[in-house]
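K.L.:
Provided below for reference: sequence and predicted model.
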Amino acid sequence: MNDGMDVDELIAQGQVLVSAILRRTPLAEIKSMIEGGAPVWFQDDEGTSPLHAAAYVEDDALVRLLIYEGAVWNAVDNLHNTAGDVALSLNNEQCYTIIRDAGIRSELLLTLLAKREPAATSPLSLILKATDTTPAGSTDAFLASRLEYTIDEHGQEICLVKVADQEEVGVMMGWERDIMQETVRRLCSDHENLDDGLKVLNVGFGLGIIDSLFQSLPTKPSLHVIIEPHPDVLNHMRAQGWYDKPGVKILEGKWQDFVESDEVLSVGGFDVVYTDTFSEDYAALHRFFSHVPDLLAGPESRFGFFNGLGATNALFYDVYRHVSDLHLTDVGIDVTWSDVDVFEGDTDRWGKTREYFAMRTYCLPVGRMRTF
């Protein structure tokens with residue numbers, strides 16, 4: 001409806017729309033403003049959108065209308081809050097759920113569109129293509145980068161990669177140990193094959209925290225396959241003696257190089273499969289999901305992954321949890337989620353590195369093959 005409007009007119013109508021919502025103008029009048037061309041995607045100088053405003057006034061009918069009219073569910077204001085974060089801060093479950101569910105639908109649609117693999121010249125490819133070309137968002141850039149294993153000022157072991165001249169990101173950090181301990185406990189402790197030695201597949205070594213925990217089980221794994229592509233990580237593994245450990249098999253390369261290979265499939269299925277890669281987006285994780293049923297030995301086998309996507313924002317984290325749950329259900333994997341408090345006793349875990357997990361609670365997934 002706003003075809004032909006100039007930018008100044010759109011801005012003016014957007015500002016009026018936000019103000020009207022904050023004044024609790026009746027829904028019918030708001031609807032007329034939108035039909036008259038007021039942009040639901042508008043954000044003012046503070047980053048407040050009509051959807052933010054609707055969340056502030058806790059009007060679930062208006063939130064639903066704005067979502068239907070095309071409001072941007074994941075727009076953030078100048079404080080990096082989405083409308084969903086606003087609803088969450090007000091304990092308004094109904095408004096939050098409407099916004100979250102819009103995010104889930106949007107991400108599912110993008111995943112479906114990505115499967116169609118648009119031509120490189122298609123405008124759609126510009127939407128679906130990852131924009132982060134640093135080692136934090138590009139596998140090729142990450143594999144070409146240099147990693148540093150070090151100990152920070154708090155005594156925390158960390159593996160770092162430089163993503164800009166003055167910025168480093170933790171590939172893996174020691175504070176994740178509690179998550180990994182609980183993950184191994186839930187994946188392994190009551191497994192029927194534990195006493196015989198589990199067959200374990202892990203994708204992504206990092207600091208080796210979870211692999212060390214697998215090796216510390218009451219009965220060591222009968223087979224422990226680790227897929228790792230980064231040359232510096234592989235050198236670190238050699239220095240730590242991983243190549244000499246009995247029952248450990250290291251496959252040097254990306255999981256995409258091995259997941260359908262005889263080296264993996266000839267095992268006949270694993271009791272435990274876990275993946276925690278760096279610099280891969282959700283699309284890559286979703287592709288991995290499709291291979292999980294072929295990697296598991298049977299109904300007693302378990303699958304886990306590091307659930308860290310969107311973890312700097314509560315709404316994004318919740319959306320990705322639900323999307324991954326739905327996609328795993330699609331391939332016959334039922335997931336049980338449990339909460340791990342990751343801030344207990346925390347001081348300054350990040351130091352001078354970029355924060356990549358801001359949630360107080362980590363949602364830990366354990367998947368099993370559905371039985372019929």
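P.N.:
Structure's in. What do you need?

K.L.:
need the pLDDT of residue 77.
P.N.:
Residue 77 carries a pLDDT score of 97 in this model.

K.L.:
residue 13 too?
P.N.:
Reading off the per-residue confidence, residue 13 sits at a pLDDT of 96.

K.L.:
flag the shaky bits of the protein, pLDDT-wise.
P.N.:
Counting by pLDDT under 70, the chain contains low-confidence ranges at 1-5, 114-131, 166, 344-355, 372.

K.L.:
what residue is smack in the middle of it?
P.N.:
Closest to where the C-alpha atoms of the chain average out (C-alpha atoms, centre = their mean) is residue 309, at 1.5 Å.

K.L.:
from residue 285, how far off is that one?
P.N.:
Applying C-beta to C-beta, to the nearest Å, one obtains 7 Å for the distance of residue 309 from residue 285. Heads up, the C-betas are built off the backbone N, CA and C, glycines and all.

K.L.:
residues shared between the contacts of those two?
P.N.:
Listed as contacting both residue 309 and residue 285 by C-beta atoms under 8 Å, 6 or more residues apart in numbering are residue 324.

K.L.:
any idea what sits nearest the residue nearest to the centre of the chain, other than its immediate chain neighbours?
P.N.:
Spatial nearest neighbour of residue 309, chain neighbours left out: residue 320 (4.4 Å); criterion: C-beta to C-beta, 6 or more residues apart in numbering.

K.L.:
my read is that that neighbour contacts residue 282, right?
P.N.:
Yes: distance between residue 320 and residue 282: 6.4 Å, which falls inside the contact criterion (C-beta atoms under 8 Å).

K.L.:
what do the two both touch?
P.N.:
Common neighbours of residue 320 and residue 282, counting by C-beta under 8 Å, 6+ apart, are 107, 309.

K.L.:
so between the two, which is more surrounded?
P.N.:
residue 320 (21 against 17; other C-beta atoms under 10 Å).

K.L.:
where's that one, which helix or strand?
P.N.:
Under the assignment given by DSSP states H and E, the secondary-structure element containing residue 320 is helix 314-330.

K.L.:
quick check: what element follows that helix along the chain?
P.N.:
strand 333-341.

K.L.:
list the buried ones in that next one?
P.N.:
By 16 or more other C-beta atoms under 10 Å, the buried positions in strand 333-341 come out as 333, 335, 340.

K.L.:
now the residue lying closest to residue 245 once chain neighbours are set aside: how far from residue 183?
P.N.:
In this structure, residue 245 finds its nearest non-sequential neighbour in residue 215, 6.9 Å apart by C-beta to C-beta, 6+ apart. Relative to residue 183, residue 215 is positioned 14 Å away (C-beta to C-beta).

K.L.:
before we move on, what about residue 368?
P.N.:
With distances defined as C-beta to C-beta, the gap from residue 368 to residue 183 amounts to 14 Å.

K.L.:
what's the answer for residue 76, then?
P.N.:
On the measure of C-beta to C-beta, residue 76 and residue 183 end up 30 Å apart.

K.L.:
tell me the secondary structure at residue 38.
P.N.:
Classification of residue 38 into helix, strand or coil gives coil, according to DSSP: H, G, I helix; E, B strand; the rest coil.

K.L.:
hang on, it packs against residue 14?
P.N.:
Yes: in this structure, residue 38 is within contact of residue 14 by C-beta under 8 Å, at 6.4 Å.

K.L.:
any idea how far residue 104 is from the residue nearest to residue 309?
P.N.:
9 Å.

K.L.:
one more: residue 24?
P.N.:
Counting by C-beta to C-beta, the gap from residue 24 to residue 104 is 28 Å.

K.L.:
neighbour-wise, which of these two wins?
P.N.:
Looking at residue 24 and residue 104 with other C-beta under 10 Å, you find the greater number of neighbours at residue 104, namely 18 against 13.
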